[in-house]
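>>> Give me coordinates for this.
(2 chains)
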Amino acid sequence: MRFIRFNFMASIISTLQKAVAASVLSLYNDNTDAAKVQVNTTPPDFTGDYSVVVFPFVKISKKAPDATASEIGAYLQENVPEVKGWNVVKGFLNLEIADSYWNNFLSGLLADADYGRQPRNGHRLMVEYSSPNTNKPLHMGHIRNILLGWSCTRIMEAAGYDVVKTQIINDRGVAICKSMLSWLKFSEGKTPESEGIKSDHFVGDWYVLFEQKSKEEYEQWQQTEDARKQYASRKKEEQSEKEFFKDYKNKWFNDYSVLGAEVREMLLKWENHDPETVALWKKMNGWVYKGFEQTYSDLGVDFDKLYYESDTYLLGKDIVDEGLDKNVFYRKDDGSVWIDLTDAGLDNKVVLRADGTSVYITQDLGTARMRYRELGCDQFVYVVADEQNYHFQVLFETLKRLGEPYAEGLHHLSYGLVELPTGRMKTREGTVVDADDIIAEVVRLATEQSSERGEIDGISPEEKTQNLKRVGMGALKFFIIKVQPKKKMIFNPEESVDLQGQTGPYIQYSYVRINGLMQRVEREQVDLSCAHAYANIQAQEKELLVALQDYPNIVALAAREYDPSQIANYCYALAKSYHRFWHDLSIFNADTAEAKAFRLSLSKATGQVLKSGMNLLGIEMPTRM
RNA sequence: GGUCCCGUAGCUCAGUGGAUAGAGCAUCUGCCUUCUAAGCAGAUGGUCACAGGUUCGAGUCCUGUCGGGAUCACCA
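All right, here's what the predicted structure looks like:
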């Protein structure tokens, strides 16, 4: 048993790689790195399960590719029990694997509830994700962030890490003050309860109102004498009036806007701990958190540790002093502190303002060290949109130069913007896809389509609701995660609720089919123990076995690349193979008891891996649909 | 302008340097008396942005060009 277990764990590919390296040594007296031997799955049109690329050995053997392949093939069949047969086509050595290997593999997989999960590696890794501002509700962009982040925590956990899930909530600053001021001026004491609005949306509505009022104020100001003067003296050549005032908006807000002055005054009061302002801030943030909680719960995610920017925004000044001592930083005449990263292809960067206050990066330096001490993590993953690529390059390089012990364990999981088919989402144009809206919509659609099918009518209302939610969320989540993180994605709301084709529900449906089989196995007390006697593995079955065999590699790959889309695409391919298997072969009505037991076992194993893989994406499986 | 990312079928996306570049959507055509047809099978659809180079072999690696995006704040 120990021997079988060993081979099972080692995977057939590494067995073959080692065997090929041994054959090259034996035949041509040359040492080859086994890990570099290329072993691929054989394309469908050829006979065989795995193929060895022999071109790299031609120079060593000093023979034609086909002759070299034949010699290695003969050696492998002679010396490797798993290799049943071989053939050579155009320099490719195709190997057939013995049925007994596949039978052992299948029983090993079924006996291992944690199949695909790697041994603990002794590292503790933090994943920071979501990290919203508290002035408005979550939208599509946050959903991508949250799903990537959550999925990353699951994958890293499976890959052997002890994972800590965190977010840093941007609960202070100009944005929340805008919501606060707007509510104070215009709300007449309305509350989420009095208006019957989800509380984070309620706060967001005041933010939107603020922006509207501000826009009106700006338009009026543009007619004033001051505005004409600014335009005349500052405009660039060829710049239209409209373009000029677009660019000038920030400057106007700081120098002329009445609302702007009021916001800054409020921010100042907050920084000085003015009791009324702090109370208002707490009240409105409380509304936001209550709303966020609901959205997080709908998405099925949570956190181990929350950080608030109001607690961390002053951190990092001690590191600045330290960096000055170590000559990593330098001070300019005006008192501001900088780091020179030009030799790393980056620029000079401010780490402390001339007035001694923090900038964004100061806080991140401080937070990193605090987390290292507080959480005991030596690796950190920041799930943040790609517009901050440069910031993280600078941050990581700075931490490295400061000699921080975790500096080699930093990773920015950068992801591209979510766009609509019509272009970028814009708050001002009301084209932002709200998180709660899209969640409600996918569940509604799943419900609608399910009632047309009528397949889940016989189950309890609780189970029914749960299944429908899982299908709807499965559609949404898979749609987002299947795209590689670094690519920007086009979010088509109509396609995201599709339940057919390359979708979450397609994968869930294969699982539901398997679930139905397993319930019948239970009911009829089918004995699966004769599965190992099956000796006529069909192409559709082989396809599944090869895919199942690959699962641990895919988990490792997804972890190595911080790329959940690898898991998504794998699950889809596996489900596709299963649907074909289901269609082409009889399972319960198989010709022999062995075939029936084998196919049921294979189905069970497929269900196990599909459930495991989808779980890494945060997608739950329905029992029926 | 500097740096980074992207460019694959009408659309959305896959594709550890390996065989004839694949899926889904859309369009068209078949398959439910049999384990759930949210399924299966087939047809149509490609100058892998362009030009060089490395290699036995390039969608993949290198250089350049073009197109799209991000960023280069004492903002976060």
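
>>> A:Val301 against A:Asn145, yeah?
No - A:Val301 lies out of contact with A:Asn145 (Cβ atoms under 8 Å); the separation is 10.6 Å. All C-beta spots, glycine's among them, are computed from the backbone N, C-alpha and C.

>>> Who has more neighbours out of the two?
A:Asn145 (24 against 19; other Cβ atoms under 10 Å).

>>> Buried by neighbour count: which residues of the helix or strand containing A:Lys229 qualify?
Secondary structure assigned from DSSP states H and E places A:Lys229 in helix A:225-234. By 16 or more other Cβ atoms under 10 Å, the buried positions in helix A:225-234 come out as A:227, A:230.

>>> Please identify the residue of chain A positioned nearest to RNA strand B.
A:Gly501 (2.2 Å; Cβ to the nearest atom of the strand).

>>> What separation do you get for the closest residue to A:Lys178 other than its chain neighbours and A:Asp434?
Distances taken as Cβ to Cβ, 6 or more residues apart in numbering put A:Phe210 closest to A:Lys178, at 4.4 Å, once the chain neighbours are dropped. Here the criterion is Cβ to Cβ, to the nearest Å. By it, A:Phe210 lies 18 Å from A:Asp434.

>>> Quick one: classify the closest residue to A:Phe92 other than its chain neighbours as helix, strand or coil.
Using Cβ to Cβ, 6+ apart and skipping residues adjacent in sequence, the residue nearest A:Phe92 is A:Ser51, 5.0 Å away. When classified by DSSP: H, G, I helix; E, B strand; the rest coil, A:Ser51 comes out as strand.

>>> pretty sure A:Ser51 contacts A:Gly91?
No - A:Ser51 lies out of contact with A:Gly91 (Cβ under 8 Å); the separation is 10.3 Å.

>>> okay, these two: which has more neighbours?
In this comparison of A:Ser51 against A:Gly91, neighbours counted by other Cβ under 10 Å, the higher total goes to A:Ser51 at 23 against 15.

>>> give the contact list for the more buried one.
Shown in contact with A:Ser51 (Cβ atoms under 8 Å, 6 or more residues apart in numbering): A:39-43, A:92-95.

>>> So the residue of chain A closest to RNA strand B: helix, strand or coil?
coil.

>>> Please report how far it lies from A:His412.
From A:Gly501 to A:His412 the distance is 33 Å (Cβ to Cβ).

>>> rewinding a little: name the residue in A:Phe210 and A:Asp434 with the higher neighbour count.
It is A:Phe210, of A:Phe210 and A:Asp434, that has more neighbours when counted by other Cβ under 10 Å, with 23 against 19.

>>> Just the pLDDT for the residue in chain A sticking out farthest from the centre.
Distance to the chain centre peaks in chain A at A:Glu225, reaching 52.2 Å (criterion: Cα atoms, centre = their mean). A:Glu225 carries a pLDDT score of 91 in this model.

>>> Next, the nearest residue to A:Asp386 once chain neighbours are set aside: secondary structure please.
Closest residue in space to A:Asp386, ignoring its immediate chain neighbours: A:Ser414 at 4.4 Å, by Cβ to Cβ, 6+ apart. Three-state assignment for A:Ser414 (three-state DSSP): strand.

>>> I figured A:Ser414 was touching A:Tyr390, is that so?
No - using Cβ under 8 Å, A:Ser414 makes no contact with A:Tyr390, being 10.6 Å away.

>>> Who has more neighbours out of the two?
More neighbours surround A:Ser414 than the other of A:Ser414 and A:Tyr390, with 18 against 12 (other Cβ under 10 Å).

>>> Which pLDDT value goes with the closest residue to A:Leu375 other than its chain neighbours?
Once flanking residues are discounted, A:Leu375 sits nearest to A:Val164: 5.2 Å by Cβ to Cβ, 6+ apart. The model reports A:Val164 with a pLDDT of 98.

>>> tell me which element A:Val164 is part of?
strand A:162-169.

>>> Could I get the buried residue list for the helix or strand following that strand?
Once strand A:162-169 ends, the next helix or strand along the chain (criterion: DSSP H and E) is helix A:174-186. For helix A:174-186, a neighbour-count test (16+ other Cβ under 10 Å) marks A:175-184 as buried.

>>> Helix, strand, or coil at the residue most central in space within chain A?
Centroid check for chain A by Cα atoms, centre = their mean gives A:Leu148 as the closest residue, at 2.1 Å. Per three-state DSSP, the secondary structure class of A:Leu148 is helix.

>>> Just list the residues touching it, thanks.
A:Leu148 neighbours (Cβ under 8 Å, 6+ apart): A:129, A:383, A:413, A:415, A:481, A:485, A:564.

>>> Tell me the residues on the stretch 1-150 of chain A that lie near RNA strand B, please.
A:38-40, A:42-43, A:45-46, A:48, A:51, A:53, A:55-56, A:89-92, A:94 (Cβ under 7 Å from any atom of the strand).

>>> Just the buried ones from those?
Buried, going by 16+ other Cβ under 10 Å: A:39, A:42, A:48, A:51, A:53, A:92, A:94, out of those.

>>> Mind checking which of the residues you listed land in strands?
A:39, A:51, A:53, A:92, A:94 (DSSP state E).

>>> tell me which residues form a beta bridge with the last one?
When bridges are assigned using DSSP bridges, the partners listed for A:Asn94 are A:Ser51, A:Asn87.

>>> picking that back up, quick check: bridge partners of the residue nearest to A:Asp386?
A:Val384.

>>> burial measure for the residue nearest to A:Ala35 when sequence neighbours are not counted, as a count.
Spatial nearest neighbour of A:Ala35, chain neighbours left out: A:Gln17 (6.6 Å); criterion: Cβ to Cβ, 6+ apart. Per other Cβ under 10 Å, the neighbour tally for A:Gln17 reads 21.

>>> now swap in the one 3 residues further on and tell me
One way to gauge burial is a neighbour count; for A:Val20, by other Cβ under 10 Å, it gives 26.

>>> Is it within a helix or a strand, and which one?
helix A:2-28.

>>> and that helix, what's its mean pLDDT?
76.

>>> Stretch A:470-490 too?
Per-residue scores along stretch A:470-490 average to 96.

>>> lowest average confidence, helix or strand, in chain A?
None of the helices or strands of chain A scores lower by mean pLDDT, DSSP states H and E than helix A:2-28, at a mean of 76.
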